[in-house]
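In: Dropping a prediction and its sequence here:
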Amino acid sequence: MKRAISLLLALVMVLSLSAMALADDGVTEGPHGIQYAEDQTLHLVYSTEAETLHPYSGSNGAGTWQAISNLCEGLTSVDQYGNFIPGLAEDPEISDDGLVYTYHIREGVHWVDWEGNEMDELTAQDFVTAAQYVCDPANASGAASYYQDIVAGATELLSSQTTDFSTLGVKAIDDHTLEITLAKPVPYFYGYGGHIIPVPTSYFTELGSSYGMDPESLWYIGPYRLVEFEPQMSRVYEKNESYWDADNVHIQRVEMTYNAEADALAPELFKRGDIDEATITAAIVSEWMTADDTKDITLPPQPDPTYTYYYGFNYVPNIDEKYDPDTWIKAIDNENFRQSLYWGIDRIKAGKAVMPFNTENFLITTITPVSWCSIDGTDYTEMEPIAEITHRENFSFDADKALEYKEKAVEELTAEGVTFPIKVYMPYNPTVTGWDQEILIVKQQLEELFGPDYLDITIEAGPSTGFLADVRRPGKFSFMKLNNGASDYDPQAWTVAFSEDNNWTFLDKAVGPNVQALAQEYLKLLNEAKSITSLSTERYEAFAKAETFLLEHALVIPFSSDTTGYTATKVNPFEKMHNSDGGWKYARVMAEPMTVEQYNACYADWLIARAESIK
């Protein structure tokens with residue numbers, strides 16, 4: 001370990017001595033006593049290398065997108081509050097039927113090469129060239145999902161039904177007018193604009209398959225240029241002075257050093273002042289939270305709403321007979337039984353297994369996370385009728401209410417011939433940090449609350465590889481912590497686990513007659529919401545009605561969003577682009593590590609500013 005740190009330090013020092021990037025706007029002070037560094041160079045260490053620099057390759061790896069996300073931009077972008085804002089185009093004009101989006105590309109914006117020399121001017125054709133590349137099945141582009149079944153003609157091209165690219169609904173009307181025709185109305189298509197990234201037509205065509213092989217074979221249109229790249233050694237970025245919004249790019253240079261053990265090494269390197277940001281892992285967070293030299297700079301995690309977790313009933317359990325699947329089906333067909341678990345799980349106690357400090361920050365009471373999407377100045381989770389659920393105390397844990405539901409469930413199920421305790425089979429993925437501890441806490445807490453005569457919970461480690469394929473998707477559980485992610489900033493994005501043909505809860509295939517009826521009613525409400533294809537309050541309220549129905553009948557139990565983890569940093573996280581891409585736009589390097597006091601004050605300011613930004 002010491003030798004690894006020494007080698008890494010040597011490379012960091014070489015990079016650091018290579019340049020000093022002074023701030024270009026004269027700003028030296030931030031809010032709440034924050035002082036900005038004179039040298040606006042950000043030093044980082046990373047462990048996942050890019051597979052390619054090509055923006056539309058078949059690679060969907062996190063390392064690839066993190067490497068190139070600061071080098072390009074789409075039709076839209078995001079601000080510090082997660083709001084979609086115009087990127088390389090102004091806000092589009094949308095036809096009355098919601099099918100045609102007309103974008104006006106910013107004039108006078110130029111591609112630059114790796115040295116910063118201005119090359120061709122950005123045109124609408126650059127977006128057409130990119131779209132045709134993505135929709136050519138021979139290229140196996142990882143971005144095809146943003147076109148298939150969405151953009152007119154894309155599905156036919158991708159499925160090789162035609163090779164006529166003139167049928168693709170992406171047209172250059174003139175040099176600065178782009179027209180995109182959809183296959184069907186998509187209310188949240190505006191947000192998709194961030195994934196519609198151009199390529200420099202002339203250079204892209206000239207290089208062919210060699211485009212994006214290294215910094216020299218790439219042209220840049222985003223906030224930064226990649227000026228050095230040695231795979232599994234280092235990456236160096238410099239500000240793109242020709243970027244259309246360069247005034248909001250304050251960090252002048254980013255020096256990244258590769259090390260496969262970056263997560264383990266980063267905290268020590270941060271303490272030495274050699275890097276400017278480190279993730280504080282669960283293994284050492286308690287130490288950092290109590291040590292005199294780190295307790296004031298160990299920052300709490302922020303919720304990451306791109307993933308949510310919930311405890312799900314399996315309505316079609318494919319489990320061994322020893323777990324009595326028939327009785328389980330009868331039990332969960334009884335609403336009082338489901339309600340007893342809904343109100344009986346102590347989310348705070350369970351959450352501490354994964355996040356021992358600041359646990360409440362990432363717990364949720366709805367499936368759609370707070371701040372995921374808003375309409376006309378109102379966050380979706382604040383709309384009627386779901387607002388009441390959003391603000392339930394103790395994240396819906398109420399022991400007295402749970403026991404009342406237990407008593408009713410026992411009476412009703414016993415009358416049906418069901419014997420107690422009910423067997424509950426709860427597998428977990430042993431490779432997910434903290435899941436084993438969390439599920440043990442849930443088991444112990446429920447057994448303590450209800451007593452040994454109500455539930456007989458079996459927890460078991462599933463396979464360390466292929467857990468989804470071997471356990472969740474075939475339904476080999478009765479009750480389990482489930483999760484899914486979303487990328488469409490619309491409430492429909494969070495309905496996948498309860499829609500038709502899902503392999504999370506299998507709600508649509510429920511065997512019990514009571515749940516069957518509830519599932520049919522929920523799907524009716526869901527389809528009514530989906531049928532409203534305008535981006536409107538009416539659409540959001542319809543989805544809120546469907547989700548409220550799901551939760552009021554305890555058909556699923558919300559638990560938490562994902563989390564960014566504990567960090568130590570010299571970058572105010574509330575100044576950066578508010579997404580998961582690792583964007584550095586808007587941010588500045590601080591002279592000293594951010595303190596917990598500064599973090600809490602800036603977070604409070606950010607919450608107020610965000611609420612104002614959506615009005």
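Out: Structure received.
In: which residues are contacting the longest strand anywhere in the chain?
Out: Ranked by residue count, the top strand of the chain under DSSP state E comes out as strand 303-313. Strand 303-313 is contacted from outside by 332, 338, 341, 345, 361-362, 364, 367-372, 442, 478-487, 494, 497, 504-505, 555-564, 580, using Cβ atoms under 8 Å, 6 or more residues apart in numbering. From N, CA and C alone the C-beta is placed, and that goes for glycine too.
In: Tell me the helix or strand right after that strand.
Out: Sequence-wise, the next helix or strand downstream of strand 303-313 (DSSP states H and E) is helix 325-332.
In: Give me the buried positions along that following helix.
Out: 325, 327-332 (16 or more other Cβ atoms under 10 Å).
In: Please report how far the residue nearest to residue 593 when sequence neighbours are not counted lies from residue 567.
Out: Distance criterion Cβ to Cβ, 6 or more residues apart in numbering; nearest residue to residue 593, sequence neighbours excluded, is residue 297 at 4.3 Å. Counting by Cβ to Cβ, to the nearest Å, the gap from residue 297 to residue 567 is 9 Å.
In: quick one on the thing from earlier: on the three-state scheme, the residue nearest to residue 593 is what?
Out: Classification of residue 297 using DSSP: H, G, I helix; E, B strand; the rest coil returns coil.
In: can you pull the contacts of it?
Out: Here residue 297 is in contact with 568, 593-596 (criterion: Cβ under 8 Å, 6+ apart).
In: what does residue 218 give?
Out: So residue 218 contacts 53, 71, 114, 211-212, 226 (Cβ under 8 Å, 6+ apart).
In: Kindly indicate which of the residues you listed lies nearest residue 44.
Out: Proximity of these to residue 44 (Cβ to Cβ) peaks at residue 226, which lies at 14.0 Å.
In: Residue 476 contacts residue 319, doesn't it?
Out: Yes: between residue 476 and residue 319 there is a contact under Cβ atoms under 8 Å: 6.0 Å.
In: Just the helices from the stretch 401-550 of the chain, written as ranges.
Out: With DSSP state H, counting those that start in this stretch, the ranges of helices along the stretch 401-550 of the chain come out as 435-450, 467, 513-530, 537-552.
In: same for the longest one, what does it pack against?
Out: Under the contact criterion of 3 or more Cβ pairs under 8 Å, 6 or more residues apart in numbering; DSSP states H and E, helix 513-530 touches helix 537-552.
In: Please name the residues that touch whatever residue is furthest in space from the centre of the chain.
Out: Largest separation from the mean C-alpha position in the chain: residue 415, at 45.8 Å (Cα atoms, centre = their mean). Listed by Cβ under 8 Å, 6+ apart, residue 415 has no contact partners.
In: sorry, back to before: pull the longest strand of the chain out as CSV, backbone CA atoms only.
Out: Written as CSV, here are the backbone C-alpha positions of strand 303-313 (Å, rounded to 0.1, in the frame of the first residue of the first chain):
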residue,chain,number,x,y,z
PRO,A,303,-29.4,11.6,-2.1
ASP,A,304,-28.9,10.2,-5.6
PRO,A,305,-32.4,10.1,-7.0
THR,A,306,-31.3,8.1,-10.1
TYR,A,307,-31.8,4.9,-8.2
THR,A,308,-34.5,4.1,-5.6
TYR,A,309,-34.9,1.1,-3.3
TYR,A,310,-38.1,-0.4,-2.0
TYR,A,311,-39.2,-3.6,-0.3
GLY,A,312,-41.4,-5.6,-2.6
PHE,A,313,-43.9,-8.4,-2.2
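In: returning to that earlier point: ok, the residue nearest to residue 593 to residue 574 distance?
Out: With distances taken as Cβ to Cβ, residue 297 is found 16 Å from residue 574.
In: Also residue 586?
Out: Residue 586 is 10 Å from residue 574, by Cβ to Cβ.
In: measure residue 522 to residue 528 for me?
Out: Where residue 528 is concerned, residue 522 sits at a distance of 11 Å (Cβ to Cβ).
In: now do residue 399
Out: Residue 399 sits 36 Å away from residue 528, going by Cβ to Cβ.
In: if we can go back for a sec, tilt between the longest strand of the chain and helix 537-552?
Out: Between strand 303-313 and helix 537-552, the angle comes out at 50 degrees (axes from the mean of the first three to the mean of the last three Cα atoms, to 10 degrees).
In: Need the overlap of contacts for residue 522 and residue 528.
Out: residue 546.
In: Which one's more surrounded, these two?
Out: residue 522 (22 against 13; other Cβ atoms under 10 Å).
In: pLDDT weak spots in the chain?
Out: Applying pLDDT under 70 to the chain flags the ranges 1-25, 58-62, 579-581.
In: quick one: the spatially most central residue of it from residue 536, how far?
Out: Residue closest to the mean C-alpha point of the chain, counted by Cα atoms, centre = their mean, is residue 306 at 2.4 Å. Distance from residue 306 to residue 536, counting by Cβ to Cβ: 24 Å.
In: same check, this time on residue 493
Out: 17 Å.
In: which of these two has more neighbours?
Out: Neighbour count, other Cβ under 10 Å: between residue 493 and residue 536, residue 493 has more, with 18 against 13.
In: got the contact list for residue 231?
Out: Residue 231 touches 49-50, 258, counting by Cβ under 8 Å, 6+ apart.
In: Give me the subset of these lying in strands.
Out: residue 258.
In: Show me the strands paired with the longest strand of the chain, marking each as parallel or antiparallel.
Out: strand 479-485 (antiparallel), strand 556-563 (antiparallel) (DSSP bridges).
In: CA atoms of the last one as CSV?
Out: Think strand 556-563. In CSV, the C-alpha atoms belonging to strand 556-563 read as follows (Å, rounded to 0.1, in the frame of the first residue of the first chain):
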residue,chain,number,x,y,z
VAL,A,556,-45.0,-1.9,-2.3
ILE,A,557,-42.9,-0.3,0.6
PRO,A,558,-40.6,2.6,-0.4
PHE,A,559,-37.3,2.7,1.4
SER,A,560,-34.5,4.9,0.1
SER,A,561,-32.9,6.6,-2.8
ASP,A,562,-29.3,5.9,-3.6
THR,A,563,-26.6,8.1,-2.1
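In: burial measure for residue 565, as a count.
Out: Neighbours of residue 565 (other Cβ under 10 Å): 17.
In: got the contact list for it?
Out: 279-281, 301.
In: tell me, what's touching residue 586 and residue 574 both at once?
Out: residue 80.
In: Residue 235: what secondary structure?
Out: If you use three-state DSSP, then residue 235 falls in the strand class.
In: which residues touch the residue lying closest to it once chain neighbours are set aside?
Out: Of all residues not flanking residue 235 in the chain, residue 256 sits nearest, at 4.5 Å (Cβ to Cβ, 6+ apart). Neighbouring residues of residue 256 by Cβ under 8 Å, 6+ apart: 43-46, 234-237.
In: in a helix, that's where residue 256 is, yeah?
Out: No: assessed with three-state DSSP, residue 256 is strand; it does not lie in a helix.
In: Tell me how far it lies from residue 224.
Out: Using Cβ to Cβ, residue 256 is found at 11 Å from residue 224.
In: where does the nearest residue to residue 571 once chain neighbours are set aside land in three-state SS?
Out: Leaving aside its sequence neighbours, residue 571 sits nearest to residue 587 (Cβ to Cβ, 6+ apart; 5.2 Å). Per three-state DSSP, the local secondary structure of residue 587 is coil.
In: isn't residue 587 right up against residue 575?
Out: Yes: assessed by Cβ under 8 Å, residue 587 is found in contact with residue 575 at 4.7 Å.
In: for the stretch 51-200 of the chain, what spans make up the strands?
Out: 76-78, 84-86, 93-94, 100-104, 110-112, 118-121, 170-174, 177-181 (DSSP state E, counting those that start in this stretch).
In: mind listing what the shortest one pairs with, with the direction of each?
Out: When sheet partners are counted by DSSP bridges, strand 93-94 sits next to strand 100-104 (antiparallel).
In: what's the strand it pairs with in contact with?
Out: So strand 100-104 is contacted by 75, 89-90, 92-95, 124, 173, 176-182, 189-190, 193 (Cβ under 8 Å, 6+ apart).
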